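> Give me coordinates for this.
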Amino acid sequence: MSRLVVGAHYGLKDWLAQRITAVLMAIYTLVIFAAVLAGAASSHEAWRGFMGHGVVRFVTFLFILSLGYHAWVGVRDIWMDYIKPTSVRIMLHVLTLLALVGYAGWAIQIIWRL
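Below you'll find the predicted structure:
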């Protein structure tokens, strides 16, 4: 019996990446929420002081990378599942990648400007 193989079949790698990035983003969100409750956002100077720590910047950088990869996998799968014309799908992939790289670069610029 022969099988018809269609699509990219990223499978386990992307499923695992989605779960790992989701967990990282959830933990980061909880830490930032706790910091805000503890007064890290009580003033502009307090927030700059909190975000100025090297560890916080690094963890925020990891959050941005996780968010970008998580979004890429999700949106890419939507395009592959629902957009049938190959030329349109490739154009949407390119536009999505450009947007995500631009957003990540902008966010990183903001973090290191603090």
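
> Check which residues of the host helix or strand of residue 97 are buried.
For residue 97, the enclosing helix or strand under DSSP states H and E is helix 86-113. Across helix 86-113, burial judged by 16 or more other C-beta atoms under 10 Å covers 89, 92-93, 96, 100, 104, 107, 111. Bear in mind the C-beta positions are built from the backbone N, C-alpha and C, glycine included.

> and what of stretch 68-88?
Taking 16+ other C-beta under 10 Å as the neighbour-count basis, stretch 68-88 is seen to contain the buried residues 68-73, 75-76, 79-80.

> model confidence over that stretch, on average?
Per-residue pLDDT values across stretch 68-88 average out to 96.

> try stretch 41-57
94.

> and the end-to-end length of it?
Across its full length, stretch 41-57 reaches 16 Å between end residues, using C-alpha to C-alpha, to the nearest Å.

> Measure how far that stretch is from the centre of its chain, please.
Mean-position distance between stretch 41-57 and its chain equals 22 Å (C-alpha atoms, centre = their mean, to the nearest Å).
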